[in-house]
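S.K.: output the structure for:
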Amino acid sequence: MKRVVKVKKEQYVKAILLVVNQLGLNMTPSELSIIVTSINRNMLVFNLITRKALKGYLNIDSFTFNNYIKKLKDKGVLMRYEKDLEVNKGLLTYVKDKEIHLTFEIDDVKTGNKN
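M.R.: Numbers count the residues shown, from 1 in each chain. Now for the predicted structure:
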């Protein structure tokens, strides 16, 4: 079965990340908002300039923002590449591909059969 879900351009990144989030990232709405805003504004490296800008866009104080950054690092959403803290490049592939194809493989724990 194929199901096409139409999404407005301005909501595309959020829609993709909502799907990916359900597959194990478990970001809170605030964490998701930080990542969506950073990707939409092409702020993929989290340095002093982008952090300040993101805090302003989202109206978040420094202490709270830094707590979210720590949680996003713990969840693997933000990764350190060389010296820079960046949005996980693997996560960005979902956004760049412009579509997600899901296949479910059901594992019956009782019998061990995969369907």
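
S.K.: count the neighbours of residue 88 for me.
M.R.: The local packing of residue 88 (other CB atoms under 10 Å) involves 19 other residues. In short, each C-beta sits where N, CA and C put it, glycine included.

S.K.: shouldn't it be in contact with residue 75?
M.R.: No: Residue 88 is beyond contact range of residue 75, at 9.2 Å (criterion: CB atoms under 8 Å).

S.K.: now do residue 24, the pLDDT please.
M.R.: pLDDT, residue 24: 84.

S.K.: do a quick rundown of the helices in this protein.
M.R.: 12-20, 29-40, 48-58, 62-74, 89-97 (DSSP state H).

S.K.: give me whichever of these is most buried.
M.R.: Comparing the helices of the chain by mean neighbour count (mean count of other CB atoms under 10 Å), helix 29-40 ranks first with a mean of 19.

S.K.: quick one, that helix and helix 62-74 angle?
M.R.: 80 degrees (axes from the mean of the first three to the mean of the last three CA atoms, to 10 degrees).

S.K.: what packs against helix 29-40?
M.R.: Here helix 29-40 touches helix 12-20, helix 48-58, helix 62-74, strand 84-87, helix 89-97, going by 3 or more CB pairs under 8 Å, 6 or more residues apart in numbering; DSSP states H and E.

S.K.: how about a cut-off of 10 Å?
M.R.: With contacts defined as 3 or more CB pairs under 10 Å, 6 or more residues apart in numbering; DSSP states H and E, the packing partners of helix 29-40 are helix 12-20, helix 48-58, helix 62-74, strand 78-81, strand 84-87, helix 89-97.

S.K.: which parts of the fourth one are buried?
M.R.: Neighbour counts using 16 or more other CB atoms under 10 Å place residue 78 of strand 78-81 among the buried residues.

S.K.: run the chain-centre distance for that strand.
M.R.: Distance of strand 78-81 from the chain centroid (CA atoms, centre = their mean, to the nearest Å) equals 13 Å.

S.K.: same check on the fifth one?
M.R.: A distance of 13 Å separates the C-alpha centroid of strand 84-87 from that of its chain, computed with CA atoms, centre = their mean.

S.K.: so how far is residue 41 from the residue nearest the centre of the chain?
M.R.: With distances taken as CA atoms, centre = their mean, residue 17 lies nearest the centre of the chain, 4.9 Å away. According to CB to CB, to the nearest Å, residue 17 and residue 41 sit 14 Å apart.
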